[in-house]
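Chemist: Got a predicted structure plus its sequence, pasted below:
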Amino acid sequence: MAAQTNTNAALNHVRRFAVLGIIKARYYWFWANLSYGEYQLIKRFSVLYVGQIDLEDIGADGRDPDERRYTNEQLAQTYEHAMALAKQMDDSGYYCLWAAEHHFQREGYECIPNLTLLGTHLAAHTNNLKFGAAFNIVPLWHPLRLAEDFALGDILTGGRLIFGIGRGYQTREVETFGSPLIDQDANRELFEEQVEIILKAFNEDSFSHHGKHYDIPPDVPYRGYQMKDITLVPRPTHLPVEIWQPMTSGRSIDFIAKRGIKGMTALSGEKVVDGFFNTYRDIAQEAGRTLTLGQDMALGFGFYIAETQEEAIEKLRPFHDERYKWFAPFGLVRYTDEEGRMWGSPGAPARTPMVEDGVEQKAWICGPPEHFVETLRYFEEKYPGLEDIVLQWPEGMPWHELSAQLKIFSQEVIPAFNDRS
């Protein structure tokens, strides 16, 4: 029995090196036939942290998310995690820590209400890591206040903040702040006007804006004269400001592609990503920007690294299932069936996804490091303009486990994409 075990172990060892050999062969072929005019290359690896604390009793059969209640002290654990994560990423060759703005989350899943404030704080304790907003919920802000806060953070951090904008998707926070969400048309209308104001504030020495929701400046006297324009003080000093927005629909892609705003998609099925990337490139072309497929895009996925895909799937399962217990009711399952129909649409699946679904959709990557390298090479060939990859910290995964995963990724995956230019 022991001899058989040793034989199996040896065979597994040989198979792994054989797979590595195949990957290396494909690697050298790829680079021998590469045209640098077409390919941008994957260059940057980042992490998305939505602000969860360590959760207990997780998984499909665990506690109902709506029954979770945590003390203020427990919820503040988010900021300890953010600091530890930022320091490890800064020391390990990662590019950016993306975080998400949310409010009133006593359930412990998304506990960061101010991304500029957090990013500025973390930048003071790190050296090179950037801090991205994924995303500021613009309808919760006065656009000038959001622009001012980012501009100050841009200056204080020496340009290490990345601006991101979104419309919001949770009624509890958006409607509580007095902005529309149930009325999606009203939400979009407000958001788009706010973004136009922010773009003016960032890019013009002085400006005015008179729209449905805002009159800037107001028609009032100031020191004996009528104001005609205003100046954002301070303005960002690192211009043009890099701006990102999530890609969720054709209308949002049309809006961002025409304005040079970059797009991010995370945990989306491959056919969904294909549609997003192609639509963005085509609309950008119509607007006068010629892009390679995948350029100005960021591709995010969930992940778990283990010796085999089967082992990775089983270890990931409770964290994956905890995520969708919280997010599926918001409609955040972006998978398609074989005919390209979105899950939840007539004739397509409407159930909560399993890990196996995510792996099949290429929204989650599970397996040994060489499988990650091979999968990322696949994306790199398919989307030759793609430069940015974002790893999603799965909800429910404790910090110590994520830390170990990121260490393996930085040591055994990232080096395969470095020093190629």
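Modeler: Sure, I can see it.

Chemist: Of all the residues in stretch 93-101, which ones are buried?
Modeler: 93-101 (16 or more other CB atoms under 10 Å). All C-beta spots, glycine's among them, are computed from the backbone N, C-alpha and C.

Chemist: now stretch 410-421
Modeler: For stretch 410-421, by 16+ other CB under 10 Å, it's 410, 413-414, 416-417.

Chemist: ok, of these, which one's closest to residue 188?
Modeler: Taking CB to CB as the measure, residue 188 sits nearest to residue 417 out of the buried residues of stretch 410-421, at 36.8 Å.

Chemist: Quick one: residues contacting the closest residue to residue 167 other than its chain neighbours.
Modeler: Once flanking residues are discounted, residue 167 sits nearest to residue 191: 4.7 Å by CB to CB, 6 or more residues apart in numbering. By CB atoms under 8 Å, 6 or more residues apart in numbering, residue 191 lies in contact with 138-139, 165, 167.

Chemist: following whichever strand or helix holds residue 191, which helix or strand comes up?
Modeler: In this structure, residue 191 sits in helix 184-203 according to DSSP states H and E. Counting by DSSP H and E, the element after helix 184-203 in chain order, helix or strand, is strand 209-210.

Chemist: Run me through the strand neighbours of the helix or strand that that next one is followed by, direction for each.
Modeler: Once strand 209-210 ends, the next helix or strand along the chain (criterion: DSSP H and E) is strand 215-216. Using DSSP bridges, strand 215-216 pairs in its sheet with strand 209-210 (antiparallel).

Chemist: What lies in contact with the strand it pairs with?
Modeler: 196-197, 200, 215-216.

Chemist: Going by distance to residue 237, which of these wins?
Modeler: residue 200 (17.2 Å).

Chemist: got a list of what the closest one touches?
Modeler: Taking CB under 8 Å, 6+ apart as the test, what residue 200 contacts is 207, 209.

Chemist: How much space separates it from residue 295?
Modeler: 26 Å (CB to CB, to the nearest Å).

Chemist: The helix or strand hosting residue 45 pairs with which strands?
Modeler: Following DSSP H and E, the helix or strand that holds residue 45 is strand 44-49. Using DSSP bridges, the strands paired with strand 44-49 are strand 96-99 (parallel), strand 388-392 (parallel).

Chemist: re the thing from before, which one (most neighbours) among the contacts of strand 209-210?
Modeler: Among the contacts of strand 209-210, residue 197 has the most neighbours (other CB atoms under 10 Å), with 22 neighbours.

Chemist: How about that residue: what's its closest non-neighbour residue?
Modeler: Per CB to CB, 6+ apart, closest to residue 197 is residue 143, 4.2 Å.

Chemist: pLDDT score for the closest residue to residue 213 other than its chain neighbours?
Modeler: Among residues not flanking residue 213 along the chain, residue 193 sits closest, at 5.4 Å (CB to CB, 6+ apart). The model reports residue 193 with a pLDDT of 99.
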